[in-house]
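Kindly generate the corresponding structure for this input.
(2 chains)
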2 protein chains.
Amino acid sequence: MRMRARRFSSTFRSVTLVLVVAYCAIPAIGQADPLPSWNEGAVKRSIIEFVRKVTKSGGPDFVPVEQRVATFDNDGTLWAEKPLPNEVFFVVARVRELAANDPTLKDKQPFKAILEGDAGYFQAQDEKALFSALTVTHTGMTQEQFAIEARKFMATAMHPTLKRPIKTVAYEPMLELIAYLRANNFDIWLSSGGTIDFMRAFSQQLYGIAPDHIVGTEFKRESRSIHGVLSVYRLPELEHLNDREGKPVGIDRHIGMRPLFVGGNVYSGGDIAMMQYSEGRSGPSFQLLINHDDAAREFAYQEKDNFSLSSAQTYGFTVVSMKSDWKTVFPKAN
Amino acid sequence: MRMRARRFSSTFRSVTLVLVVAYCAIPAIGQADPLPSWNEGAVKRSIIEFVRKVTKSGGPDFVPVEQRVATFDNDGTLWAEKPLPNEVFFVVARVRELAANDPTLKDKQPFKAILEGDAGYFQAQDEKALFSALTVTHTGMTQEQFAIEARKFMATAMHPTLKRPIKTVAYEPMLELIAYLRANNFDIWLSSGGTIDFMRAFSQQLYGIAPDHIVGTEFKRESRSIHGVLSVYRLPELEHLNDREGKPVGIDRHIGMRPLFVGGNVYSGGDIAMMQYSEGRSGPSFQLLINHDDAAREFAYQEKDNFSLSSAQTYGFTVVSMKSDWKTVFPKAN
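You can find the predicted model right below:
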């Protein structure tokens, strides 16, 4: 009996040990690294600490689910924007297509410069030259026709210097961040300078972001009957430029709320107003500014006036060094 | 034994009967009337048949969840719009408030007419008079300030003729319809001629519709630093009129998709373009047009040119008679 009691006791202890280990493992599983592509450090720690405090029920910084709005710039924040934003490659592809049907375009600027790859022409002109190309390629058709063109481009387009499909130039650490925020019931939006309808052609596939969750630059549109079907037709006039001070206005129009979390990047100072707008909410908020300092794995570029980085210092935004904070940049599998 | 066998058999039959009855009751429970405030008839039947066919997995008319977008006009479709749209009562309340601080308003038109309840003045003027009052009461402040004013009004305002709080003049059958569509994974939006920010002040409470699911008339806004906080400031200029042909444009901007289900009403023909736009989607769609023919329980009003009803006939929209199709109009509990 004593022997059996011992065995029983031994079995009991083994079982208990297994249960205790299993129990301890539960929080470990629950707290598995949500951002494996981010190096350990102050930036990663501050993101995780922020998410924990705003989701801690009953905590002093708790934010209800309906206010957990996150807005991300796209070009240079979620995917590469060098040597040129990917929407410019779409403009080029469209001009080539149009020129095949209308050979006179070859002799007209700015199409001539685009067809000949004459970057110098655009550097010498003001923004009107690029805008003229954008208008010709983006308007004068229904929304459905434009969506077909944009999806066709995205299906096969290759990035000229990264040598991978454009639909795979999104940053792995940012895809992880989106998934992490979404797992914590954040509502994820794009708020970018790109046109809203170009982004609508790929945002679901790339980021899991639906067409109604995109704030972008917009052309005027009107209702028009096309072959007896009432359609929305794209007009050659800019309606909203979703950059700099335009971003808070676009966010207000589409979301109606100051964002709790904002992601942007250093390039043209385009995301600072959106970050200040977020910081103006009553209660906690987080602003993440990506610094492109990684010439080896992506691109290195700064602003002439250092506006974004100095604003980050002034307002307390969190600066991400791509070089130091990111373990990987692009997803491995193409 | 024979006796026991009989008893067993009798018990068996009783139990079986109970089980069969219980089993038969399951679909009855599952198919409990989703629209109890709607009278039985062709309209109610066609709504339920439409929802069943577009949600029937594997069926020929199945529509995936991400395309189940429903847009509803607000004034006259979800809540009463007579004798005047409720937003006009808000304008009146705001003018009274402004006049208390600035007595000179009493001598200026159109404020004089509003303060004196002189409806004739507005009937004699063109739309500019009303628009002038709208601009003064709706702009020249931040979005946060406007939200405070609108919420304050909605909290206590009484409807002048229905003699109940304005926040209770929503139609019971339409609240049921929204709940029914939502239970079938439809995404519910407002698309109304009222201003977007006025609707944002009550849509969550009245309809469970979040601020980012509202398409409405919009004033211009700009980013402006107010006491050191970057805010969105309301400017005295109309940017988008969300009525008639403006509705498809607003829906395209905010949703980026033709709606599967549209609700509107007879009054000014304002919802017909949105219905035609919905009907233009490839695959099934449903358009519900409410006819205000119930002077006893609500209001009876028609269009001079009968545009909405004749359009409904031309395009095959479903016309709701408030008088015949609705068992109740307003919720009982105030």
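
Give me the packing partners of the one helix or strand A:A312 maps to, helices and strands only.
Using DSSP states H and E, A:A312 maps to helix A:307-315. With contacts taken as 3 or more Cβ pairs under 8 Å, 6 or more residues apart in numbering or on different chains; DSSP states H and E, helix A:307-315 sits against helix A:272-279, strand A:286-291, strand A:318-321. Heads up, the C-betas are built off the backbone N, CA and C, glycines and all.

Not counting the last one itself, show me its contacts.
Translated: strand A:318-321. A:43, A:46-47, A:286-291, A:293-294, A:309, A:312, A:326 (Cβ atoms under 8 Å, 6 or more residues apart in numbering or on different chains).

ditto for stretch A:104-120
A:91-92, A:95-96, A:98-99, A:121-122, A:125, A:129-130, A:132-133, A:136.

If we use 7 Å, what do you get?
Here stretch A:104-120 makes contact (Cβ atoms under 7 Å, 6 or more residues apart in numbering or on different chains) with A:V92, A:V95, A:R96, A:L98, A:A99, A:Y121, A:F122, A:A129, A:S132, A:A133.

do you know how far the first one is from B:E218?
The one in question is A:V92. The gap separating A:V92 from B:E218 is 34 Å, by Cβ to Cβ, to the nearest Å.

about what we covered before: any chance of the contacts of stretch A:104-120 in TSV, with secondary structure, pLDDT and distance to chain B too?
Shown next, in TSV, are those (DSSP: H, G, I helix; E, B strand; the rest coil; pLDDT from 0 to 100; distance: Cβ to the nearest Cβ, whole Å):
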residue	secondary structure	pLDDT	distance to chain B
A:V92	helix	94	25
A:V95	helix	95	25
A:R96	helix	95	27
A:L98	helix	93	24
A:A99	helix	94	29
A:Y121	helix	88	33
A:F122	helix	82	28
A:A129	helix	86	27
A:S132	helix	89	24
A:A133	helix	91	24
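
Considering these, which is situated nearest to A:L206?
Lowest distance from A:L206 to these (Cβ to Cβ) belongs to A:V92, with 20.5 Å.

before we move on, back to that, in the helix holding A:A312, what's buried?
For helix A:307-315, the neighbour count (16 or more other Cβ atoms under 10 Å in any protein chain shown) marks A:S308, A:L309, A:S311, A:A312 as buried.

which one of these is nearest chain B?
Chain B has its nearest neighbour among the buried residues of helix A:307-315 in A:S311, at 11.4 Å by Cβ to the nearest Cβ.

Run through the residues that contact the nearest residue to the closest one once chain neighbours are set aside.
Closest residue to A:S311 apart from its sequence neighbours, by Cβ to Cβ, 6 or more residues apart in numbering or on different chains: A:I272 at 4.7 Å. Each residue near A:I272 by Cβ under 7 Å, 6+ apart is listed here: A:F307, A:S308, A:S311.

If we use 10 Å, what do you get?
Contacts for A:I272 (Cβ atoms under 10 Å, 6 or more residues apart in numbering or on different chains) come out as A:244-245, A:247, A:262, A:264, A:266, A:287, A:289, A:307-308, A:310-312, A:314-315, A:317, B:230.

and what of A:N39?
Neighbouring residues of A:N39 by Cβ under 10 Å, 6+ apart: A:P173, A:S321, A:K323, A:S324, A:D325, A:W326, A:K327, A:T328.

Now pLDDT too, for the contacts of strand A:318-321, in TSV please.
TSV is the format used below for those (pLDDT from 0 to 100):
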residue	pLDDT
A:V43	98
A:S46	98
A:I47	98
A:F286	98
A:Q287	98
A:L288	98
A:L289	98
A:I290	98
A:N291	98
A:D293	97
A:D294	97
A:L309	97
A:A312	98
A:W326	98
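
Chain B: which of those is nearest?
Taking Cβ to the nearest Cβ as the measure, chain B lies nearest A:Q287 of those, at 12.0 Å.

neighbours of that closest one, just the number please.
A count of nearby residues for A:Q287, using other Cβ atoms under 10 Å in any protein chain shown, gives 24.

beta partners of it?
Counting by DSSP bridges, A:Q287 forms beta bridges with A:V262.

can you pull the contacts of it?
A:259, A:261-264, A:271-272, A:274-279, A:311-312, A:315-319.

on that earlier part again, single out the most deeply packed of the helices and strands packed on helix A:307-315.
helix A:272-279 (a mean of 25; mean count of other Cβ atoms under 10 Å in any protein chain shown).

Can you show me the CA trace of that one as PDB?
Output of helix A:272-279 as PDB, limited to C-alpha atoms (Å, rounded to 0.1, in the frame of the first residue of the first chain):
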ATOM      1  CA  ILE A 272       2.600  65.400 -40.100                       C
ATOM      2  CA  ALA A 273      -0.800  67.100 -40.200                       C
ATOM      3  CA  MET A 274      -2.600  63.700 -39.900                       C
ATOM      4  CA  MET A 275      -0.400  62.900 -36.900                       C
ATOM      5  CA  GLN A 276      -1.000  66.300 -35.200                       C
ATOM      6  CA  TYR A 277      -4.700  65.700 -35.800                       C
ATOM      7  CA  SER A 278      -4.500  62.300 -34.100                       C
ATOM      8  CA  GLU A 279      -2.500  63.800 -31.200                       C
END
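
all strands for the stretch 101-250 of chain A, in order.
Using DSSP state E, counting those that start in this stretch, the strands assigned to the stretch 101-250 of chain A run over residues A:187-195, A:214-226, A:229-240.

Deepest-packed of these, please.
Mean neighbour count, computed with mean count of other Cβ under 10 Å, is highest for strand A:187-195 among the strands of the stretch 101-250 of chain A, reaching a mean of 25.

Quick check: can you name the pairing partners of it and their directions?
strand A:69-72 (parallel), strand A:214-226 (parallel).

how about these in a markdown table, adding mean pLDDT?
Output for the strands paired with strand A:187-195, formatted as a markdown table (pLDDT from 0 to 100):
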| stretch | mean pLDDT |
| --- | --- |
| strand A:69-72 | 98 |
| strand A:214-226 | 98 |
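
nearest to A:G140, of the ones you listed?
With Cβ to Cβ as the criterion, A:G140 lies closest to strand A:214-226 of the strands paired with strand A:187-195, at 10.0 Å.

I'd say A:Y121 and A:S132 touch.
No: A:Y121 lies out of contact with A:S132 (Cβ atoms under 10 Å); the separation is 11.8 Å.

How confident was the prediction at the closest residue to A:G280 other than its chain neighbours?
Among residues not flanking A:G280 along the chain, B:V229 sits closest, at 4.3 Å (Cβ to Cβ, 6+ apart). We have a pLDDT of 97 for B:V229.

doesn't A:G264 fall inside a helix?
No: membership of A:G264 in a helix is not supported by DSSP: H, G, I helix; E, B strand; the rest coil, which gives strand.

quick one on the thing from earlier: reformat the strands paired with strand A:187-195 as TSV; add distance to B:W189.
TSV is the format used below for these (distance: least, Cβ to Cβ, whole Å):
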stretch	distance to B:W189
strand A:69-72	18
strand A:214-226	15
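
For stretch A:185-200, list the C-alpha coordinates in CSV.
The C-alpha atoms that make up stretch A:185-200 are tabulated as CSV, following Å, rounded to 0.1, in the frame of the first residue of the first chain:
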residue,chain,number,x,y,z
ASN,A,185,-10.1,45.3,-32.6
PHE,A,186,-8.7,48.4,-34.3
ASP,A,187,-10.5,49.5,-37.5
ILE,A,188,-7.8,49.9,-40.1
TRP,A,189,-8.0,52.6,-42.8
LEU,A,190,-5.7,53.9,-45.5
SER,A,191,-5.2,57.7,-45.7
SER,A,192,-2.8,58.3,-48.5
GLY,A,193,-1.9,60.8,-51.3
GLY,A,194,-2.6,58.2,-53.9
THR,A,195,-6.0,58.3,-55.6
ILE,A,196,-8.8,56.6,-53.8
ASP,A,197,-9.8,54.4,-56.7
PHE,A,198,-6.3,53.2,-57.5
MET,A,199,-6.0,52.0,-53.9
ARG,A,200,-9.4,50.4,-54.0
